[in-house]
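Undergrad: make a model of this:
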Amino acid sequence: MTTFKELGSSEPICRVLRGRGISEATPVQEQAIPVVRSGRDAVVQAQTGTGKTLAFLLPILEKIKPQAEVAQALIVTPTRELAVQIAKVAAVIGDAVGIRSLVLFGGQDIERQKQKLHRHPQLIIGTPGRLLDHLRRHTLDLSQVNKIVLDEADEMMRLGFIEDVEALLRTAAADRQLMLFSATMPDRIRALSVRYMTDPVQVEVRSEHVTLDAIEQVILDTTEEQKIDQLCACINQDNPYLAMVFCHTKQRVHMVTMALAARGYLVDELHGDLSQVQRALVLRRFRKAELQILCATDIAARGLDIEGVTHVFNYDIPHDAESYIHRIGRTGRAGQHGKAITFVNARQYDFLRRIESGIRSRIRKEHSERHRRHKEKQEKILQEIREKRQAKKKKNKPLSKYANRKGSSHRGRNDRSRRVRSGKRPGNRGGRR
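TA: From the prediction side, this is the model:
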């Protein structure tokens, strides 16, 4: 593996990385850092958990001029959580090289954000909606920004932010360097690269198997009525240190959270209806292990890097392989092992086949402890029935040597043994004379 010093990172940055236990670059960092540092446009495709944040953050921080008190770089993310996570890393490394950064997203007091913008941060990190809000209020100037990163570009496309992103690009410097970092490359993302990029370098790191190697994947066949009971049985059996439960909708998240809380589990919910203060509080409690279980929508499937997540439960099965990879990627990080359990009912095997095709692997199917006990009980009952039948056969008297050997199965199936009814004999058409 290549060290960051060999990739050209400065000594202050290498010192900060060593202090955080990071000494060697991941494959995506090894390939992307030289490209980003060269100033060329880049399209980087790599799965979650591969270290994309440092792949664009390190060379950008090295290129920013600390003496210029204007915004010089912009990082756009689809979710608040991802923006906050990048901002935390940028603050630590930026302090070592004298770079000020600011994170902007919805749910915060916009007046306080205006005051912070007056301090002239050189690196802006934010979500599209709040960035556009500041542009319309003329409190944010991107005219000097010549380095732009679109992180999780496919997710921004899915959430409908592409038009907002294009509006941001039109306000930036004409000689900007644009970098797209994404897990997948839909057609609209490729069209964006053609429209706004100049001869971009394509960096593709095929790391699905590497990312998922540390995760034990299990399919659990269930029904909707039994799902909450089986979830509790899995939690009781595996006793995870920290677990995340993913559902499709906010209503489902709330329902599962209430059901688990009623059974005595330390659980809370995370979804888009919560304010930023509430979301930050929930994540803080989860990181400190004051909660054992976090029920969330796909808003938590990207960008959250929480140490100690040992289990991921797909309470509602994802509809595509990308969502599946992002969800289970919350565990098995930083060299640790994790377990991902996906609940599937009889009508959802099309989604399962789609996921298995996307990850190019079959997922092991497993029955719950409750199901195994039920099967054992059924087998015991069947064995008792077989034993009773066998004992009954032994008690039956053997036929005498004079008895018809056909026994009860004969039932008079031929004319010789059939009785003649109404006084008529075979062959006598007229009866008695």
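
Undergrad: so residue 307 touches residue 287, yeah?
TA: Yes. Residue 307 lies in contact with residue 287 (CB atoms under 8 Å); the separation is 7.5 Å. Any C-beta I mention is one placed from the backbone N, CA and C, and that applies to glycine too.

Undergrad: just want to know which of those two has more residues nearby.
TA: For residue 307 versus residue 287, neighbours defined as other CB atoms under 10 Å are more numerous around residue 287 (17 against 10).

Undergrad: now the stretch 101-250 of the chain, which segments are flagged as low pLDDT?
TA: 206-211 (pLDDT under 70).

Undergrad: at which residues are the strands of this protein located?
TA: Along the chain, the segments classed as strands by DSSP state E run 42-45, 73-76, 101-104, 123-126, 147-151, 177-182, 201-204, 215-221, 242-246, 267-270, 293-296, 309-314, 338-344, 364-366.

Undergrad: work out the gap between the last one and the centre of the chain.
TA: To tie it back to what came earlier, the one meant is strand 364-366. Distance of strand 364-366 from its chain centroid, counting by CA atoms, centre = their mean, to the nearest Å, is 18 Å.

Undergrad: and it, which strands flank it?
TA: In the sheet, strand 364-366 lines up against strand 215-221 (parallel) (DSSP bridges).

Undergrad: in the strand it pairs with, which residues are buried?
TA: For strand 215-221, burial by neighbour count (16 or more other CB atoms under 10 Å) applies to 215, 217, 219-221.

Undergrad: by how many degrees do that strand and strand 338-344 diverge?
TA: If you take axes from the mean of the first three to the mean of the last three CA atoms, to 10 degrees, strand 215-221 sits at 20 degrees to strand 338-344.

Undergrad: could you report the neighbour count for residue 385?
TA: Applying other CB under 10 Å, we find 10 residues neighbouring residue 385.

Undergrad: just the one 5 residues further on next, same as before
TA: Taking other CB under 10 Å as the criterion, the count of residues near residue 390 is 9.

Undergrad: how close does it sit to residue 381?
TA: With the distance defined as CB to CB, to the nearest Å, residue 390 ends up 15 Å from residue 381.

Undergrad: now do residue 341
TA: From residue 341 across to residue 381, the span is 29 Å (CB to CB).

Undergrad: who's more crowded, the two?
TA: Taking other CB under 10 Å, residue 341 and residue 381 do not tie; residue 341 has more neighbours (24 against 10).

Undergrad: which member of the buried residues of strand 215-221 is positioned nearest residue 179?
TA: Lowest distance from residue 179 to the buried residues of strand 215-221 (CB to CB) belongs to residue 215, with 28.3 Å.

Undergrad: so that closest one sits right up against residue 328, yeah?
TA: Yes. Counting by CB under 8 Å, residue 328 is a contact partner of residue 215 at 5.6 Å.

Undergrad: who touches both of these two?
TA: Both residue 215 and residue 328 are in contact with 338, 340, where contact means CB atoms under 8 Å, 6 or more residues apart in numbering.

Undergrad: report the separation between residue 201 and residue 81.
TA: From residue 201 to residue 81 the distance is 29 Å (CB to CB).

Undergrad: if you could redo that for residue 196, that was the one I meant.
TA: Applying CB to CB, the value for residue 196 to residue 81 is 26 Å.

Undergrad: and these two? which has more neighbours close in?
TA: Looking at residue 196 and residue 81 with other CB under 10 Å, you find the greater number of neighbours at residue 81, namely 23 against 19.
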